[in-house]
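Participant: sequence and computational prediction follow.
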4 protein chains.
Amino acid sequence: MTRKLRLGMVGGGQGAFIGDVHRMASRLDGQWELVAGALSSEPGRALASALELGIPEDRSYANFEDMAIREAARADGIDAVAIVTPNHMHAAPCIAFLGQNINVICDKPLAATLEQAQAIEAAAKASSAQFFLTHNYTGYPLIRQARDMVKEGELGTIRLVQVEYAQDWLTEEVSNKQADWRTDPARSGAGGCVGDIGTHAYNLASFVTGLKLESLSAELTSFVLGRQLDDNVQASLRFESGARGSLWASQVAVGNENGLRLRIYGTKGGLEWEQEDPNKMTFTRFGEGKQILTRGGAVSNASNLTSTRIPAGHPEGYLEGFANLYRDAADLIRAQIDGEAGDISNLVSLEDGLDGMRFIQACVQSSENDGAWTRIADF
Amino acid sequence: MTRKLRLGMVGGGQGAFIGDVHRMASRLDGQWELVAGALSSEPGRALASALELGIPEDRSYANFEDMAIREAARADGIDAVAIVTPNHMHAAPCIAFLGQNINVICDKPLAATLEQAQAIEAAAKASSAQFFLTHNYTGYPLIRQARDMVKEGELGTIRLVQVEYAQDWLTEEVSNKQADWRTDPARSGAGGCVGDIGTHAYNLASFVTGLKLESLSAELTSFVLGRQLDDNVQASLRFESGARGSLWASQVAVGNENGLRLRIYGTKGGLEWEQEDPNKMTFTRFGEGKQILTRGGAVSNASNLTSTRIPAGHPEGYLEGFANLYRDAADLIRAQIDGEAGDISNLVSLEDGLDGMRFIQACVQSSENDGAWTRIADF
Amino acid sequence: MTRKLRLGMVGGGQGAFIGDVHRMASRLDGQWELVAGALSSEPGRALASALELGIPEDRSYANFEDMAIREAARADGIDAVAIVTPNHMHAAPCIAFLGQNINVICDKPLAATLEQAQAIEAAAKASSAQFFLTHNYTGYPLIRQARDMVKEGELGTIRLVQVEYAQDWLTEEVSNKQADWRTDPARSGAGGCVGDIGTHAYNLASFVTGLKLESLSAELTSFVLGRQLDDNVQASLRFESGARGSLWASQVAVGNENGLRLRIYGTKGGLEWEQEDPNKMTFTRFGEGKQILTRGGAVSNASNLTSTRIPAGHPEGYLEGFANLYRDAADLIRAQIDGEAGDISNLVSLEDGLDGMRFIQACVQSSENDGAWTRIADF
Amino acid sequence: MTRKLRLGMVGGGQGAFIGDVHRMASRLDGQWELVAGALSSEPGRALASALELGIPEDRSYANFEDMAIREAARADGIDAVAIVTPNHMHAAPCIAFLGQNINVICDKPLAATLEQAQAIEAAAKASSAQFFLTHNYTGYPLIRQARDMVKEGELGTIRLVQVEYAQDWLTEEVSNKQADWRTDPARSGAGGCVGDIGTHAYNLASFVTGLKLESLSAELTSFVLGRQLDDNVQASLRFESGARGSLWASQVAVGNENGLRLRIYGTKGGLEWEQEDPNKMTFTRFGEGKQILTRGGAVSNASNLTSTRIPAGHPEGYLEGFANLYRDAADLIRAQIDGEAGDISNLVSLEDGLDGMRFIQACVQSSENDGAWTRIADF
């Protein structure tokens, strides 16, 4: 009888958004149970949140440092910790748990600054623990199918990558728990929209195409008066392979809820996918008709099928995609426990997180330099 | 600290489809834990399935009769049992658990025959337990919004109900675990397609409109040579209110994965929704432009919002809708434990299940009578 | 230098709808010029309309009888006449022009009654002129491609035909030129919605599938109080081949502008097309992914290409489809002039018009008989 | 009785594409008749083409210079000439006909070089004739509705303009009449894709928003080996108002037929429209649900309705939009004949054509300067 893996959580107390997403994602396949947490920096809220979630009082910690030490000391200590705090609060807990050789599942972007990200990297190198970054859109079955199709050459040589992520919830000045830290440089880092969703778009494009970005030319804008961080980013992309692309991310594009969209064009074929309708993708071989590929449908490849729970036509969504990252993490952690090599083909790694930080920095610097082409390798 | 509710399961062993769906749905919100089961009529598979799912060996039962008696006797016995067997195996376990006053969550349709359904009804009347039928499509947030919009008169008086459910997986003769019992009258009952998916379509239309069906004229067809049950049903509908409608269900409509679609037209407005794209619904007030309503979006009503977990634009799907039924059941069972009246507004009840059985019988009889209009009340 | 064909018109004066459509359709390819007309039964309007359209005063006639005689007598008389009056005014002018051996292009449905239709048939048999019925939806390139695909067996044996035509413009009581005659039995015939748009749906299904209808069971409803003719029709269809189908036409389905939709399913494949988005069609081979076929696109067949004017992606619409009927008529008339056999593969014939009349009559009679299955051959 | 306007044509002989489009567009509303032409620089083809089109032999000219002089001398000379030659052959005939005070309808882009464009401008200033540029996408009814909605403030202050035009027909090396001149700098000018379709995208964005472009940063790429002109362009846009935008045009984006798409976001609302589905447009007021506006539909404004021929739901397409430009030109020419001021609100003027030429030049220069921001006013 296989035991469930034990999960701890830092952040994600009452009123939080992404913490609850991580919890639902971890539950879906029955592989994880949440047993410990430092859910809030406010002690009362931390405990109340813990009890609500069925975490025993003695495993509800007042701070993550304490949690890392005490969980590491328990025979039934956590197998992994999920870090679901705002960006500027990623590095310290990541380092603390890695220091105790506890596996870390960290929300994106990796940190608020490149320096913080590099500190995490150093801690990871010194640790035996594994590191997982939840760029959750990589969990969609069709995204994984797309990645394999590109790899197998079905699109030929990639020429163009058009990726965009449009929202509208910051169209006006707004103050609430979610908006406040995302528009505050102290908590979010130097990137606003570019860090919050631009990195998702960049990561998704990288994941699917496997292309390395060489340089970019970016323009960051803050349309709302008084906003300190960008709420719109437009970037032109040059990949090392010679491919070209553009990235647009916006939080002021009225009428867009969560419009993450990826389009890839190669010498032989084109692929188009939209996150709001994630159970289908269109694929065209040059000179042939457009095909609709579906999650779990007739022309699914292995990556699609193994990331799928229910038959085609029964839509899976955001949580199922997110849950795939928890399932993959469980597999890799169980493999480590068993002393086996796991399958890292779907892993969003620390290096991907660092790459995302370089992308943010390059965007910010290019924008400050009037859109000068800026090399990623310079960061 | 709130305890999780304890769930048992009858059926759903290795190789089953809907059992796993029930388990995922029950896990999503962290309100249930699966602790007991009679997962297969084959003892070896039952135990292996149980262990795989983390059910302790002593609560893996060889048969449901035993399970009902022994779970009822435990202080920590199950709070509810999920019945996820083929149709002809619903009645006996339902009656056994109801007889022990254990709450029942039963998959649809209610039974293989009207007689079995009535036996369940008798058992329920004699029991203090609650009964839940998993017509899961009622769990979609926009379906609940639609139901409220109709109730509040936003469509005016309903004139037309067009509902359809098209699949293609039985286009050719096929033999596998899922197909075999669904095409076998002994296990499925007198309805094939009409029982398997026609009842979903009928239930959805009834749930949203609140209309009572007066009579129907149906034609059931078996297109695949040698198939004993219908694989296609077309029915015209007359509602008591004077509204008209049509229902089409098919399992041989090539190109359809799971095409459940509902369209409702009234004197003042029209609503259209498709299960394969469940996060949006179109609504038109007569003489105005078409609006797109979204799950969790700008014009959500209370039913939409309370059935929603994540922000608009992050698609929720089939499992989230199904999980809403488990969440509602948990609420009602906790209310009962606390001696309080729960909210039954979203309940798919035993009476709804009986209504579905009458619908199947009426379709079969009308079809045998060359489409004669057949009254539901005659069954 | 090829001369333009000379067109006359009966009906279609100021304020008319379909007359202008015929004129635009006839102009598009430069094959026709409008040179004569009896555009209105009201002499003043007739002349004013004619002058507006560039018809010389001496060829603007006060009545169609006069026009038929005088045009037949001219050396430069019309090559064809378009009859664009309300239904009850089709037969008399058709007979008059056929009697003068002038080709007739008649709007649908063929007539207001089956008797009138048969009188037209008799006149046609006695005439050397050709007869064209403008069931214009057959002019869409993808509809012609679909027809050929069915004929060539790409769908296998057809099992199911689902056709619908939903509008909402008669949702409330309304009085205007277009609505008045369509809801008046004296001018429209015994069918309201069924005659106006139900026949289009029926014709389209017949054109594409080539199937003969054996019998139908229909229910006609008038939802708007006081309306004398049906504004909604639901019919179940049995084809001679054993195929089944359903037809729904409505003028009270709020939110539908002109929702003509055809879906055909066979043993090997399925096709789906919607008139409001006519430049694409989906096609699925059983067990393969769905394909999007486009007008003029990569997988066009000959019928698609020869009915297409501009490259794929540049949408053609209703008028272009309609114009294809005028182009085909021009080809057939020129062939006749040249003493050659023309290509009648796309012809909507008088027999098709009679078939439509039988369909209307069968629907009306079945509905009066509580939906009894009614044979087409009995009319 | 209103006479038809007399149209001449330069270019558009057998095998041409856009010439036939102009002819169909001119015919649709019955306001024009084609009476003269210099349809090809090859005399045999010129005459054959003319006769095929019903142009009398004596008005089929061997060259446009001759045509301009002789038509100007006729009492029944042409009211306007359509110039439908490749880009490098626009200027000379434009100047010739303007010199004879004959109205000119010129295909886009205005010319192959800015110098040619300025020469046309000079000729127009010295002429009493009117000048029309066929950026035909401005003729779509919903585009005109969008323009008015922006003007009336329904979107608030515009912040973002995302426009794209994606095709795939130049994905591989190809040689045919259409491809050859478009990829030849001598005939097309310095811009390939940017001139052929990028200017359409730019013009459409300008027409709808009314914004003036301040500067741009562009990257032009030729993906196909040996191609002399760009087949892909990505540009970031800064408008004088402070709005930002991006423009992407490609002829190597596999799976795109004619994907012109415009999205505009302001402080109060957002609009989205796609040319391949031109009969609808989505509009969102911030904080409200998305609406679907349709051509001729329930919430049409005056510009939509006056550019519409047939009821909502009966799709109009590319040719109808193009025909609106011919209808507008006819109105303005008739107004001039009558000595009245016409309505120029929909006019695509010579100044718009010059603006398009500056856009092309700025793109080419910015791209040569590694994407440096380049001011439009510098050209």
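Facilitator: Sure, I can see it.
Participant: so where's the stretch 201-350 of chain A uncertain?
Facilitator: Applying pLDDT under 70 to the stretch 201-350 of chain A flags no residue at all.
Participant: close to chain D: what parts of it are there?
Facilitator: Counting by Cβ under 8 Å from any Cβ of the partner chain, the stretch 201-350 of chain A comes close to chain D at A:217, A:219, A:221, A:223, A:232, A:234, A:236, A:244-246, A:248, A:250, A:252-256, A:263, A:265-270, A:272, A:282-286, A:290. Where C-beta positions appear, they are placed from N, C-alpha and C, glycine not excepted.
Participant: which of the residues you listed count as buried?
Facilitator: A:217, A:219, A:221, A:223, A:232, A:234, A:236, A:244-246, A:248, A:250, A:252-256, A:263, A:265-270, A:272, A:282-286, A:290 (16 or more other Cβ atoms under 10 Å in any protein chain shown).
Participant: so the most centrally placed residue in chain A versus residue B:356, what's the distance?
Facilitator: Most central in chain A under Cα atoms, centre = their mean is residue A:135, positioned 1.5 Å from the mean C-alpha point. Per Cβ to Cβ, to the nearest Å, residue A:135 is found 44 Å from residue B:356.
Participant: equivalent analysis for residue A:176, please.
Facilitator: Separation of residue A:176 from residue B:356 (Cβ to Cβ): 44 Å.
Participant: higher neighbour count, those two?
Facilitator: Neighbours were counted for residue A:176 and for residue B:356 using other Cβ atoms under 10 Å in any protein chain shown; residue B:356 has more, 26 against 8.
Participant: so which helix or strand takes in that one?
Facilitator: Element membership for residue B:356, per DSSP states H and E: helix B:350-368.
Participant: check the offset of that helix from the chain's centre.
Facilitator: Its chain's average C-alpha position is 14 Å from that of helix B:350-368, according to Cα atoms, centre = their mean, to the nearest Å.
Participant: check stretch A:182-202 too.
Facilitator: Taking Cα atoms, centre = their mean, one finds stretch A:182-202 lying 13 Å from the centre of the chain it belongs to.
Participant: which positions in it come out as buried?
Facilitator: Quick answer for stretch A:182-202 (16+ other Cβ under 10 Å): A:182-184, A:188-202.
Participant: tally of neighbours for the closest residue to chain B within the stretch 101-250 of chain A?
Facilitator: Among all residues of the stretch 101-250 of chain A, residue A:167 sits closest to chain B, at 7.2 Å; criterion: Cβ to the nearest Cβ. Neighbour count for residue A:167, taken as other Cβ under 10 Å: 24.
Participant: now do residue A:149
Facilitator: Neighbours of residue A:149 under the rule other Cβ under 10 Å: 23.
Participant: what's the helix or strand for the residue of the stretch 51-200 of chain A found nearest chain B?
Facilitator: The stretch 51-200 of chain A approaches chain B most closely through residue A:51 (4.4 Å), counting by Cβ to the nearest Cβ. According to DSSP H and E, residue A:51 maps onto helix A:43-52.
Participant: what's the neighbour count on residue A:335?
Facilitator: 15.
Participant: residues contacting the residue nearest to it when sequence neighbours are not counted?
Facilitator: Closest residue in space to residue A:335, ignoring its immediate chain neighbours: residue A:342 at 3.4 Å, by Cβ to Cβ, 6 or more residues apart in numbering or on different chains. By Cβ atoms under 8 Å, 6 or more residues apart in numbering or on different chains, the contact list for residue A:342 reads A:331, A:332, A:334, A:335, A:336.
Participant: for the first one, which non-adjacent residue is closest in space?
Facilitator: Yep, that's residue A:331 we're talking about. Leaving aside its sequence neighbours, residue A:331 is closest to residue A:342 (5.8 Å, by Cβ to Cβ, 6+ apart).
Participant: helix, strand, or coil at that neighbour?
Facilitator: At residue A:342, secondary structure determined by DSSP: H, G, I helix; E, B strand; the rest coil is coil.
Participant: now do the strands in the stretch 51-200 of chain A.
Facilitator: In the stretch 51-200 of chain A, strands defined by DSSP state E, counting those that start in this stretch lie at A:80-83, A:103-106, A:131-133, A:158-166, listed in chain order.
Participant: for the stretch 101-250 of chain A, just list every one of the helices.
Facilitator: A:114-125, A:141-151, A:177-182, A:185-188, A:193, A:199-209 (DSSP state H, counting those that start in this stretch).
Participant: OK, contacts around the nearest residue to residue A:355 once chain neighbours are set aside?
Facilitator: Sequence neighbours aside, residue A:206 is the residue nearest to residue A:355 in space, at 7.0 Å (criterion: Cβ to Cβ, 6+ apart). Each residue near residue A:206 by Cβ under 8 Å, 6+ apart is listed here: A:212, A:213, A:352, A:355.
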